[in-house]
Each structure stands twice: as C-alpha cells, then as structure tokens.
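S.K.: coordinates only, no sequence provided:
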C-alpha cells in the first residue's frame, strides 16, 4: 500500500479535531469531584488512533455535513470506547496493567476511581449527544435515533453482550461462527455505530446508512482478526501491550481456528468486501486506504 | 402518622406496575449472552421500595399523564439506581456482600458479571427512554430533555460525582455543608431526576417541574439523613444489611456532626419543607404521606 502516510495524516487531523472538542465536552477538573474527572481525562487522552470518531467524521463528510455538526456524536462514540477499555482492564476482567504503553486507569489511579471513570464516560456519552447536538443542524428525530443506535451498540445486544460472551467462552472450544458473533458484538457493534452516527447526523438516506454499516461490519471483523494475528506475531513494544495474552487468558482466536495464513487471507477478503461496499459514496479514497491500513497495521 | 398502610399500598401498586413493565423493557435471557442478563434481572428484581419510579409515576399522574406514558422513564430511573447499587457493592467500592437481605450481585454471580450487569443497566436506561417513549405521547423535545436530565443526574455532576466525593472524604473531617453537597449529588440527584422525568413526561409547565424539584431535594436529603440514623440505631435484620457500616468505612455522617436528636429534627424540618413545596399540585396527599413515611421508616 502506498498511502500509509496519507491515511496517518488524515487520522491525525481528525484526532486533533476530536481531542479539541473533547476538552469542551468533558467536565472541568476545578471542582470537588476532581479525581474521577482527572481519571476520565487521563484515559481519554492516552492516544490511540481515534478510529471510531474518525469514521463518524469521514462518513458525515461524505454525506455532506460539517465536522462541527457531528462532533458531539464522534466524541460520544470515543467516550463509550474509552469506558469499555477502562472497565476491560480492571482486575476482575482482563486484569491488564498497561494500555497503549501507559499504566491502565486502575493502576494510574485506583480501582474505585477507574470503575467510576468508566461509568462517568458512558454517562457522558449520552449527555454529550443530548446537550451538544444542535437541533438546528440535526433534527430532534435524528438526535434521538443516534441515541438509539449508540445505546443498542453499547448494551447487551452489542458491546456488553460481546464481553459477556467472551468471558463465557474462555477455556472452551469455540466454533468460527460463534467467534464471529462474539467479535461482531464486542468490537463490531461500536464500529458500526460510529459510521451510522456519521451518516444519520448528516441526514443521509437509508441506502448510505446501510452501505456504511456493511463497510463497518467488514473492517470491524478484520480489525479483530488482525488483533488475533498481532497477539501471536506482534512485538510487545510496538503494540504497547504484552503479546500472547489471548493464550494466557484462554481466549480462542481466529489464529487457533484457521491458522495464520488463512486468517491473513480472511482479513484480505473482508477488506476488499469493505471497499466494495462504498460504491454509493463519491469520494471513498480515504476509507479504502483506511481499510488497507487497518489490515496491514503492526499495532 | 396514620397513613403508613395507605402509603405502603400505593407504593406496592406502583411497584407491581413497574415490575411488569421491566419484564418488557429488560432483554430476554434466551440468548447467548444470558449470564449478564440473568444478573441484571436478579438485581432488578431484588425488591426495594421502588421509590424512584413511584415518584415518576405519581408526579406524572398529578400533571395529567397516564402511567403507561411515562413508564419507560420510571423504569429508566430504576435501572440507573440499580446499576449504582451493583457497582457500589463491588469489592473495590463499599465491598458489601449483602443487598436487601440477599447476596449482592457480585456474590450471587461474580465480579466481572456484576460489573457488566451494572454497565448494561446504565446503558439500558437510555435505550429504554429512546426506544420505548412514544413520541405521540411525549414530544421528541421532551424525550430528549428527559435524557438530558437523567444523564446529568447520573454523571460527574450527579451520582458518580457524589460517589467520588464520598470516597475522597473518607477518613476526613467533613463540614456539614460538604456532607450536604455530597448527599445532594450521591442520592439527591437521581431522586430529583425521578420527579422531573414524571413532570416533563407529562408535559408539565416549569412551575410544576420546579416545585417537584424542591420536594425531591428535601426528601432526598432527609432520606440520606435517615439512612445515617438507621446505620446507628437500626436493626440489621430489619434493614437487610449490616449496621455500623459507616463507622467501619470511616464515613462521616449527619449523626457524627449533629448527634441523633438534632439529625432527627433536621429530618422533620426537611419533611415539612418538602410537603410545603407541593402547594401548586391539587392532589398531593400521597406525596405528603410518602414524605412522612420515608422520614419515619425503619429500613
């Protein structure tokens, strides 16, 4: 792929916009309950690709909306993502001390503060959509539809359900179909919500929402399979987290079921299908390059 | 007070209505991610007075709405309350093994499931409002306003903020003003949201919303002071939880600051002020009796 630098540049541009908006949307620390807000901001500012809000902003752009119109939606998705990472890292879940090369929230602070910071970010996501979306730009009906999409993606039919399945399937032999279901809930649901929110926030028609949904499902699954591959082949330093954690936690992965080569070819196929789904969008170059970039990433 | 039985009967009637609606709003267990849903339902069905949804339903009634119109709002408030109890009981928070005379969620299941069940209930609250409120009955603008009120009451400026303050103030000498602030955020915010949601869902004017708000603030603080009193004077069996836990957890309480007698007289004063706030409502008998009942309760 030739466009790695272009993709990285665009992601960085989006990330800067998102980080600026988050400063406005996250509560001020100059108050009594400072510690939980400091912890929220610590985890929200610990980098990452800001993939989800970038998807929201890019699909909104393709559907004719300005970034500021959908920025509350983009930030809400990132808040939900960040809350899930904080809670996933807790000792009673994956018990990970490191996240993106920095101490996890419950290590940098303490477990109680991390638990509350996650709770607060999930709440803040809905608060941000409700208070910060401008009904002059996004009709009330669509604001409410975004809350429907995000809450469903985050709850028992989405992320929390996927996490539950993940825990339930540890130490068990898992079929490929079951693994797909688990991944589509655990990671796919929020990536899918990110693109839908971009489209809905921009007032796109259902054809576009559906096309975006298909793209997101494909890259979401590919993303998770690449994670499985990197957990075996990756370098802990590049990844910012220890490798081999799937084996250690008795997670079955795509690599266990299909082996490395077949897993890589599934990623390639999904990436091509994702790109093909974009035909109804005129300017899909960045999203195509992004799909390639995610498939070939090393962290 | 002569009306204890009437209050109890009305609360029971409301509780039955709420419990029936919850069956519809909570996800079905016949799915792969069953364990988290079983845990959600376990905690949602472990009784309690259903005070918050009763307040939503009663204020809606006084403002002219049918119970079914505001039922999604009433249930959403109860879900947020229940999520907060599940997370508060976790080992990294209050580490309480018992809740309402039954094993706490993380004891009946495990910590990971309890964490996820709490996360799922918080999410489900917003999902329920967004999906189950009927825009034919509650205008979109008011549905969105309810999401604003609930998210703000649950987040860093409300419940989570209060919990953070609570943790930060342990082992410290606390002023009465600080304790009021902490209680108003930790317990008061959600009780206040409950009454506001009833009024807003019924399309009440701002005068009524404000009167309801004042009533809720007063009974919310009185409720918490009664908790402090019962933690010293109560009977573990009647309470369904151990007494003396404030001392054990180094919580300062109203009793520490004011002593028992003065605390009791503050409860009385707040209860009278709560009742006085109801003057703009025609039929406030139940709410007056409820204020008395909460002030004189033994569990």
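M.R.: Nice, thanks for sending it over. Computed from a predicted model, the values in this text were never measured in an experiment.

S.K.: buried sites along stretch A:121-140?
M.R.: Going by neighbour count (16 or more other Cβ atoms under 10 Å in any protein chain shown), the buried part of stretch A:121-140 is A:121-130, A:132-133, A:137-138. The C-beta positions use only the backbone N, C-alpha and C, and glycine is treated the same way.

S.K.: with residue B:87 as the reference, measure out to residue A:90.
M.R.: Per Cβ to Cβ, to the nearest Å, residue A:90 is found 11 Å from residue B:87.

S.K.: these two: who's more crowded?
M.R.: Remark: of residue A:90 and residue B:87, residue B:87 carries more neighbours, 27 against 22, as counted by other Cβ atoms under 10 Å in any protein chain shown.

S.K.: read off the pLDDT value for the more buried one.
M.R.: Note for residue B:87: predicted pLDDT of 98.

S.K.: before we move on, what about residue A:181?
M.R.: For residue A:181, the pLDDT comes out at 95.

S.K.: that one belongs to a helix?
M.R.: Yes. Under DSSP: H, G, I helix; E, B strand; the rest coil, residue A:181 falls within a helix.

S.K.: just give me the neighbour total for it.
M.R.: Using other Cβ under 10 Å, residue A:181 has 19 neighbouring residues.

S.K.: likewise for the one 4 residues further on?
M.R.: Using other Cβ under 10 Å, residue A:185 is surrounded by 24 other residues.

S.K.: repeat that for residue A:175.
M.R.: Using other Cβ under 10 Å, residue A:175 has 11 other residues around it.

S.K.: what about stretch A:181-197, how long is it end to end?
M.R.: Counting by Cα to Cα, to the nearest Å, you get 22 Å between the two ends of stretch A:181-197.

S.K.: hang on, the earlier thing: okay, and the common contacts of residue A:90 and residue B:87?
M.R.: Applying Cβ atoms under 8 Å, 6 or more residues apart in numbering or on different chains, one finds that residue A:90 and residue B:87 are jointly contacted by A:115, B:115.

S.K.: do stretch A:181-191 and chain B meet?
M.R.: Yes. Stretch A:181-191 lies within reach of chain B by Cβ under 8 Å from any Cβ of the partner chain, at A:181, A:185.

S.K.: which other residues reach that stretch?
M.R.: Applying Cβ under 8 Å, 6+ apart, the set of residues contacting stretch A:181-191 from outside is A:51-52, A:55, A:77, A:80-81, A:84, A:152-154, A:157-159, A:161-163, A:165-166, A:169, A:174, A:216-217, A:219-221, A:223-225, B:32-33.

S.K.: now the residue nearest the centre of chain A: which helix or strand?
M.R.: Centroid-nearest residue in chain A: residue A:52, 4.7 Å away (criterion: Cα atoms, centre = their mean). Following DSSP states H and E, one finds residue A:52 within helix A:51-62.

S.K.: helices and strands around that helix, which ones?
M.R.: Secondary-structure packing of helix A:51-62 (3 or more Cβ pairs under 8 Å, 6 or more residues apart in numbering or on different chains; DSSP states H and E): helix A:4-25, helix A:67-89, helix A:189-201, helix A:206-233, helix A:285-296.

S.K.: where in the stretch 51-200 of chain A is pLDDT low?
M.R.: Low-confidence segments of the stretch 51-200 of chain A (pLDDT under 70): none present.

S.K.: mind checking how far the closest residue to residue A:50 other than its chain neighbours is from chain B?
M.R.: Nearest residue to residue A:50 in three dimensions, chain neighbours excluded: residue A:15, at 4.0 Å (Cβ to Cβ, 6 or more residues apart in numbering or on different chains). Note on residue A:15: its distance to chain B, by Cβ to the nearest Cβ, to the nearest Å, is 24 Å.

S.K.: picking up where we left off before, ok, the residue nearest to the centre of chain A to chain B distance?
M.R.: According to Cβ to the nearest Cβ, residue A:52 and chain B sit 17 Å apart.

S.K.: I figured that residue hits residue A:79, correct?
M.R.: No. Look at residue A:52 against residue A:79 with Cβ atoms under 8 Å: they stay out of range, at 9.9 Å.

S.K.: count of neighbours near the closest residue in space to residue A:61 that isn't next to it in sequence?
M.R.: Computed as Cβ to Cβ, 6+ apart, the closest residue to residue A:61 that is not its neighbour in sequence is residue A:67, at 7.2 Å. By other Cβ under 10 Å, 18 other residues sit near residue A:67.
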